[in-house]
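A.B. asks: sequence plus the predicted model coming up.
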Amino acid sequence: MSFETTLFPPILNVETALELKASESGAVLNNRKNTWIQLAGHPGAFAPAGPLTIWKKRYNKDNNETKAYELLMKDAARSIVPMFHREVEYNGEYFIEMEDLLRHFTDPSIMDIKLGSRTFLESEVNNPVLRKDLYEKMVSLDPDAPTEEEKENKAVTKLRYMLFREQESSTSDFGFRIEALRMSGETPTTDLKKVKKKDQIEHVLCKFLDSNTGVRKALIKRLEEMQLLFESSAFFKSHEVIGSSILMIYDKEGRTGAWLIDFSKSISLEDGQTITHRNPWTLGNHEDGILFGIDNLLKLFTDLRIESKPSSSQSDRKETTEDTG
């Protein structure tokens, strides 16, 4: 099913909607009753703009995400990201107006999956200074994690700490981690970053699918499409992409969709440089593991054993994963 996105006038309720705070990227969802649910990131980064669009606050000084969306709207991968409309300035602050993905669904089940084998920029970890505060954080999470030398120094570099944090979830081993889950009619579950092992991931995926083989089939097809379009994309060939997610959504009406979201940490590579998005990362090579994560996620969905759940709408199932433009 293809949906037409129309540019609507700016924000409907400016005073209420612009009570926003600086935020990292996250998935903010709104259902047909205009109830907002934020699955990931800091609260307050989004506001409703029009019947089909939302505003996302630009929380850093650069406009990397705006530039990314502008390029993606002309790219082969255009259909696997939300429709971007424009950047808006209001009272000295900047907002991205984009498609409200939840407009396609009624009281949906949603899963936010952060992609990549690392979730930090190279520029964030190139300082070799030993930090006692990060050592203390490491020990509080896992007293056995520090090496003998680190225990003696009682300090670690930021790179060491960030790599440790990635290993605490499925990020390092699988190239993705499940950030949050919301089942239809329920409150969101956000304490999933410790989901690390294959059987733990499979358990969460089974919960999300809720024995719905039709949704599983549609998501496998969508992930295969993402692979192909990602590999043929000029944008992704020339950009390091950190902190992006796949947002998966379905509802009881038989609609299913998945999109790549969050491009605030998309960094353009030097002229002529390309990355595979699959190779292991070493400092300086800019590999992010995005495709490595999509590959593993696709395999997990394909190999997953679930029991079929009868559905009155299953025979008339519709997919919302085609070009949203």
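C.D. replies: Received it, and whenever you're ready, just let me know what you need. Here the structure is a predicted model, which is why all the values come from computation and not from measurement.
A.B. asks: which strand residues bridge Met111?
C.D. replies: Leu181, Met248 (DSSP bridges).
A.B. asks: show me where pLDDT drops low in the stretch 1-150 of the chain?
C.D. replies: 1-44, 60-61 (pLDDT under 70).
A.B. asks: helix, strand or coil for Gln227?
C.D. replies: At Gln227 the chain is in helix, as set by DSSP: H, G, I helix; E, B strand; the rest coil.
A.B. asks: for it, give its distance to Phe236.
C.D. replies: 11 Å (Cβ to Cβ, to the nearest Å). Every C-beta, even on glycine, is put in place using the N, C-alpha and C of the backbone.
A.B. asks: more neighbours, those two?
C.D. replies: Phe236 (24 against 15; other Cβ atoms under 10 Å).
A.B. asks: what's the closest non-adjacent residue to the residue sitting nearest the centre point of the chain?
C.D. replies: Of all residues in the chain, the one closest to the mean position by Cα atoms, centre = their mean is Ser245, 1.4 Å from it. Distances taken as Cβ to Cβ, 6 or more residues apart in numbering place Lys114 nearest to Ser245, at 5.0 Å, with adjacent residues excluded.
A.B. asks: pretty sure that neighbour belongs to a strand, no?
C.D. replies: Yes. The assignment for Lys114 (three-state DSSP) places it in a strand.
A.B. asks: how about the contacts made by Phe230?
C.D. replies: By Cβ atoms under 8 Å, 6 or more residues apart in numbering, the contact list for Phe230 reads 77, 80, 236, 277, 290-291, 294.
A.B. asks: quickly check these for the two that are furthest apart.
C.D. replies: The most widely separated members of the contacts of Phe230, counting by Cβ to Cβ, are Ile80 and His277 (14.0 Å).
A.B. asks: leaving out sequence neighbours, find the closest residue to Tyr250.
C.D. replies: Nearest to Tyr250 is Thr256, by Cβ to Cβ, 6+ apart, at 4.3 Å.
A.B. asks: let's verify the one you found: helix, strand, or coil?
C.D. replies: Strictly by three-state DSSP, Thr256 counts as strand.
A.B. asks: distance check, it against Ser211.
C.D. replies: From Thr256 to Ser211 the distance is 15 Å (Cβ to Cβ).
A.B. asks: which of those two has more residues huddled nearby?
C.D. replies: Thr256 (28 against 14).
A.B. asks: beta-bridge partners for the more buried one, please?
C.D. replies: Residues in beta-bridge contact with Thr256 (DSSP bridges): Tyr250, Glu319.
A.B. asks: state the distance from it to Lys194.
C.D. replies: 28 Å.
A.B. asks: how about the contacts made by Leu192?
C.D. replies: So Leu192 contacts 177-181, 204 (Cβ under 8 Å, 6+ apart).
A.B. asks: could you rerun that using 10 Å?
C.D. replies: Residues counted as contacts of Leu192 (Cβ atoms under 10 Å, 6 or more residues apart in numbering) are 40, 111-113, 169-170, 177-181, 200-201, 204.
A.B. asks: do Glu287 as well
C.D. replies: 116-118, 240, 275-281.
A.B. asks: related to what we said a few turns ago, which residues do Gln227 and Phe236 both contact?
C.D. replies: Common contact partners of Gln227 and Phe236 (Cβ under 10 Å, 6+ apart): Leu291.
A.B. asks: which SSE is Asp295 in?
C.D. replies: Secondary structure assignment for Asp295, by DSSP states H and E: helix 290-303.
A.B. asks: in that helix, what's buried?
C.D. replies: 290-298, 300-301 (16 or more other Cβ atoms under 10 Å).
A.B. asks: now stretch 79-99
C.D. replies: For stretch 79-99, burial by neighbour count (16+ other Cβ under 10 Å) applies to 79-85, 87, 94-99.
A.B. asks: what segments of this protein are strands?
C.D. replies: Counting by DSSP state E, one finds strands in the chain at the ranges 28-30, 36-38, 46-48, 53-57, 84-90, 93-99, 109-115, 176-182, 239-242, 245-250, 255-261, 265-268, 318-319.
A.B. asks: biggest separation within the buried residues of stretch 79-99, which pair?
C.D. replies: So, the buried residues of stretch 79-99 by Cβ to Cβ: farthest apart are Ser79 and Tyr94, at 25.9 Å.
A.B. asks: in this structure Gly257 contacts Glu99, no?
C.D. replies: No. Using Cβ atoms under 10 Å as the test, Gly257 is too far from Glu99 to be in contact (11.2 Å).
A.B. asks: list the contacts for Ser172?
C.D. replies: 117-118, 163-166, 196, 280-281, 289 are the contacts of Ser172 under Cβ under 10 Å, 6+ apart.
A.B. asks: filter the residues you listed to the buried ones?
C.D. replies: 117-118, 163-166, 196, 281, 289.
A.B. asks: return the subset of those residues lying in helices.
C.D. replies: 163-166 (DSSP state H).
A.B. asks: done for today, thanks.
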